[in-house]
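[1] with the input below, show me the fold.
(2 chains, ligands or ions: 2)
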There are 2 protein chains.
Amino acid sequence: MSSDRVRHPGLMNKVVSAEEAALLFKDGMTVGMSGFTRAGEAKAVPMALAERARKDPLKISLITGASLGNDLDKTLAEAHVLSRRMPFQADPALRKAINDGEVMFVDQHLSETVEMLRTRQIGPVDIAVIEAVAITEQGGIVPTTSVGNSASFAILADKVIVEINLNQPDALEGLHDIYIPTHRPTRMPIPVVTPESRVGLPFIPIDPDKIAAIVFTEKLDSSSTILPPDDETRDIAGHLASFFLNEVKQGRLTHRLQPLQAGIGTIANAVLHGLVDTPFHDLTMYSEVLQDSTFDLFDAGKLKFASGSSITLSEEKYHIILKDLVNYKSRLILRPQEISNHPEVVRRLGIICINTALEFDIYGNVNSTHVSGTKMMNGIGGSGDFARNGYLSVFVTKATAKDGRISSVVPMVSHVDHTEHDVDIVATEFGLADLRGLAPRERAPLIIANCCHPAYREQLMDYYRDALKLGGHTPHMLKDALSWHTRLSDTGSMLKDAETVAKAG
Amino acid sequence: MSSDRVRHPGLMNKVVSAEEAALLFKDGMTVGMSGFTRAGEAKAVPMALAERARKDPLKISLITGASLGNDLDKTLAEAHVLSRRMPFQADPALRKAINDGEVMFVDQHLSETVEMLRTRQIGPVDIAVIEAVAITEQGGIVPTTSVGNSASFAILADKVIVEINLNQPDALEGLHDIYIPTHRPTRMPIPVVTPESRVGLPFIPIDPDKIAAIVFTEKLDSSSTILPPDDETRDIAGHLASFFLNEVKQGRLTHRLQPLQAGIGTIANAVLHGLVDTPFHDLTMYSEVLQDSTFDLFDAGKLKFASGSSITLSEEKYHIILKDLVNYKSRLILRPQEISNHPEVVRRLGIICINTALEFDIYGNVNSTHVSGTKMMNGIGGSGDFARNGYLSVFVTKATAKDGRISSVVPMVSHVDHTEHDVDIVATEFGLADLRGLAPRERAPLIIANCCHPAYREQLMDYYRDALKLGGHTPHMLKDALSWHTRLSDTGSMLKDAETVAKAG
Ligand SMILES: CC(C)(COP(=O)(O)OP(=O)(O)OC[C@H]1O[C@@H](n2cnc3c(N)ncnc32)[C@H](O)[C@@H]1OP(=O)(O)O)[C@@H](O)C(=O)NCCC(=O)NCCS
Ligand SMILES: CC(C)(COP(=O)(O)OP(=O)(O)OC[C@H]1O[C@@H](n2cnc3c(N)ncnc32)[C@H](O)[C@@H]1OP(=O)(O)O)[C@@H](O)C(=O)NCCC(=O)NCCS
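    Ligands and ions are numbered 1, 2, ... in the order given. As a prediction, this is how the structure comes out:
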């Protein structure tokens, strides 16, 4: 079995235990690890590193594709191994360490990390740790359920540790399309012209001499933490489907729509799932993470092709899909996140981008990352790569959070990740606002009327009316602009009249 | 003479007066006019339209490339012709009408307007009015000192009015490179791979039957309103030059740097001018607007090639350069703003982007548009196209405004145009902060120490220290975050201790 998996003849003598591999790390190193939205992360070596650090303290800067599964970010944070972490995470324990100022978190557009590494604006990467299905005859690394930044980590690092995961199915081989843009200033166009374009290699090409250790593992990916669609997410999906139908009626889109991107999390997944019961067909995806909804759409005969950087599934779906991968394989590509999120390709393909907001404001500015303007939730992820450069940028959220004590539609967002320029459509379970071609004074009444929870609507309209008296292109009362957030921290609710809290629940 | 300028044999019978052409407009129309940063705007027809509207009121939606010269935006605003204006402006009278809510201003990334028009998400354009040097034998339109959105306006509009400007030099012909991307979802890569790449036609190809009127004019472009470099802008330029030199020393850049973009206005022009006295050489520009500094760099033998979408010069430079255009022509290209600002090309070429902030905050978020968060200055322009997608994103500003009563470095910006993710370097006359790879808690002390005016430094450090006590990835006290701006409006200064105002002057 292991000779199928490590096919390069000279490499079997590099096989070591995870504990031995963990001895390669030195305090202060920068480490690039595979893993994107809980898929395809190296599993044994980081665990062994945490174990080692408990006895023999050391700190590293850890760069990944995106979030890690198997509680790795938690384990590493709790072992105090992380001095610096980029470009994305989604773990409660690490989040706490970040918000406490213990871990320096660099929250980046997901397409940019390897551009900065390649030009040595960050890094360099001392060691790359990559989960693989196999090493080819020539020493090429075949990734597993994600590509993320793995290819560039392996190419740029001094040393590479490969974790061969014997439980990741063989069928993954051939799924990946590894293309690395040429160096600037002599970069040629990236030849991806449809989601189906295959432009690279099915493995990561590196000099096999750089492979410093090979570790065998068997641990599965963690399943995704998303919740199934509920009434509210179904309503959001319904508003979006009606909007798309109207675009078709207006002749701006066809029933094939345009390549779809959907962000991580419960809401974006549910919204995409909502397309199962619509007349749209022959859809394609050009996204980062392929979640359950991608496969629901395949199974419903709605989706023709999906390109992503990872596959992240619920426990139930994971076992079904990975067993049945050969049946989906001809309709799937996994790419480096630099390419799945590349501004060039996102703009060229004319992507419809659906991402999730924590909150948006009456002018359409979006906060996707900072709870009450200060506490990091996960990070901006790829949302900025898509929202800035796509054909249509949609942001969705439930109208309230925390049993109605928080309105997700506020006078002024407490942190801006996406400016009004990058936001075409906002939607909650109450409705959708089409902001294209509108000035701020036209956006506000529409957002308040269509998207705000009824319990907050009057209060929000009052703010806007008072702000209007002060004038300006984007009317605000700076003294009160963030008062909803300070009221929340003072009284436990954004509602002025606390008795009406129940209504908003 | 006019037969050199209107070479298509069938078109001379379309020549009319500006007043006659102005009769083609109807109330409620959407009009696309040439003009980008005060260069190459149609001059006679909009004036005649304003004149007509004074007697016979009518309103239009006006789309241009960017700002107009010759007081056109002022004249049109004062004649109440504008119901809607996009995507950029820079006129005090229009600004007032926007801030009063009379004109609906849609502030857009400059690369996006024609994408939205082409897909009918905005528009359609009823009439295009384009200033031209000439109409070719086949009916192609040769633009003047700007391309902006003119090509797409002419291609998409039902009717086209051409203003042949007899005082714009013949030598402009051959300077332009008109390339229009193919329609999505079957768009091919844009073949621009260096600033020098010529990929299109030297004229705008349209069906000559669409030309509804031709008007002859002789008015010159207005000169730019930028001020010459002063001590502060020289200091900013100096900090940036030292930074670039260190990048060369670190092996990240060469003395040729990478293609440069510099934003509109006094400060960006002065900073670019500052490269005249540096060891950098064989520089190239891939920018929107080419200002005086571009030609200073040519004349100093520093600049090899410049690609832009317009040429906007001071009065003195204008006469010299336009007379001498043949000598610069082989080193210049003017492109549609969709191409000069295209995310695909900006990322591919690895552009160094230098834009101006009104204010930035301790975490590196930038406000380029809204005075005190509400009043529109000019618009975001192309800064977002460049800052998001370039190789290195620099924002510059003087540390204070209005005789020291305003600090341009604040706890939290009152409006966000560029998020911390899009800002690598910030600089004022006091110094520069290199934010690459840093977390918010690392950015703040650096920005406060290096960029803030000494009179505000302690006050800003106090804010940060107090905010730190509340914790969070991006520490803020939401109650006080905008207090500098409210203090300004209450007391006339952002300084806590009004006596120290003098110090900051
Ligand atoms: C914004 C984001 C956190 C939403 O995630 P989600 O799973 O769809 O949404 P949920 O409604 O479950 O919200 C997640 C949490 O945020 C809370 N929340 C939602 N809105 C909130 C608000 N306005 N203020 C405070 N908390 C809020 C929810 O209560 C929930 O809290 P819990 O975990 O304690 O239950 C997630 O989409 C994200 O991280 N986005 C940024 C990255 C991104 O967009 N990537 C896209 C390309 S992959
Ligand atoms: C930001 C911008 C207005 C600065 O212009 P500039 O000519 O370089 O800078 P100045 O220092 O002369 O500032 C312009 C005005 O803003 C004022 N100002 C500067 N900082 C300010 C602040 N923090 N608060 C309020 N006003 C401020 C100045 O006092 C000056 O006012 P005045 O016209 O009454 O004298 C200009 O660069 C812009 O519009 N940028 C946005 C578009 C853009 O970046 N395009 C780039 C691609 S073209």
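[2] from chain A, which residue is nearest to ligand 2?
    A:His421 (11.8 Å; Cβ to the nearest ligand atom). To be clear about C-beta, it is placed using only N, CA and C from the backbone, and glycine gets the same treatment.
[3] how near is that residue to B:His239?
    Computed as Cβ to Cβ, to the nearest Å, the A:His421 to B:His239 distance reads 29 Å.
[4] about what we covered before: contacting residues around the closest residue in space to the residue of chain A closest to ligand 2 that isn't next to it in sequence?
    Nearest residue to A:His421, sequence neighbours excluded (Cβ to Cβ, 6 or more residues apart in numbering or on different chains): B:His109, at 5.6 Å. With contact taken as Cβ atoms under 8 Å, 6 or more residues apart in numbering or on different chains, B:His109 is in contact with A:388, A:421, B:87, B:341, B:380, B:382, B:384-385.
[5] how about the residues of the stretch 51-200 of chain A by chain B?
    Residues of the stretch 51-200 of chain A found near chain B (Cβ under 8 Å from any Cβ of the partner chain) are A:84, A:86, A:98-101, A:104-109, A:115-116, A:119-122, A:184-191, A:193-194.
[6] among the residues you listed, which are in helices?
    Using DSSP state H, the members of those that fall in helices are A:98-99, A:115-116.
[7] select from the residues you listed the one having the most neighbours.
    Among those, A:Ile98 has the most neighbours (other Cβ atoms under 10 Å in any protein chain shown), with 26 neighbours.
[8] that residue and A:Arg85 touch, don't they?
    Yes: here A:Ile98 reaches A:Arg85: they are 7.3 Å apart, a contact under Cβ atoms under 8 Å.
[9] which residues are common contacts for those two?
    Residues touching both A:Ile98 and A:Arg85 by Cβ under 8 Å, 6+ apart: A:Phe105.
[10] next, count neighbours for the nearest residue to A:Thr400 once chain neighbours are set aside.
    Spatial nearest neighbour of A:Thr400, excluding adjacent residues (Cβ to Cβ, 6+ apart): A:His453 at 5.0 Å. Residues within reach of A:His453, counting by other Cβ under 10 Å, total 22.
[11] ok, A:Asp100 next?
    Neighbours of A:Asp100 under the rule other Cβ under 10 Å: 11.
[12] my guess is it contacts B:Leu470. True?
    No: using Cβ under 8 Å, A:Asp100 makes no contact with B:Leu470, being 11.6 Å away.
[13] still on that earlier bit, could you dump the ones in helices among the residues of the stretch 51-200 of chain A next to chain B to CSV with distance to ligand 2?
    Formatted as CSV, these follow (distance: Cβ to the nearest ligand atom, whole Å):
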residue, distance to ligand 2
A:Ile98, 30
A:Asn99, 30
A:Glu115, 22
A:Met116, 23
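[14] quick check: the two most widely separated of the residues you listed?
    Farthest pair in those (Cβ to Cβ) is A:Asn99 and A:Glu115. Separation: 27.6 Å.
[15] low-confidence ranges, chain A, go.
    Under the criterion pLDDT under 70, the flagged ranges of chain A are A:1, A:498-505.
[16] do the longest helix along it and ligand 1 meet at all?
    Counting residues, the longest helix found in chain A (DSSP H) is helix A:231-249. No: shown here: helix A:231-249 not in contact with ligand 1 (Cβ under 6 Å from any ligand atom), separated by at least 8.5 Å.
[17] which other helices and strands contact that helix?
    Helices and strands touching helix A:231-249, by 3 or more Cβ pairs under 8 Å, 6 or more residues apart in numbering or on different chains; DSSP states H and E, are helix A:266-273, strand A:392-396, strand A:425-428, strand A:431-434.
[18] compare those and give me the one nearest chain B.
    Closest of the helices and strands packed on helix A:231-249 to chain B is strand A:392-396, at 7.8 Å (criterion: Cβ to the nearest Cβ).
[19] near chain B, which residues of the stretch 251-400 of chain A show up?
    With Cβ under 8 Å from any Cβ as the criterion, the stretch 251-400 of chain A comes near chain B at residues A:251-252, A:258-259, A:342-344, A:346-350, A:365, A:370, A:372-376, A:380, A:384, A:388-389, A:391-392.
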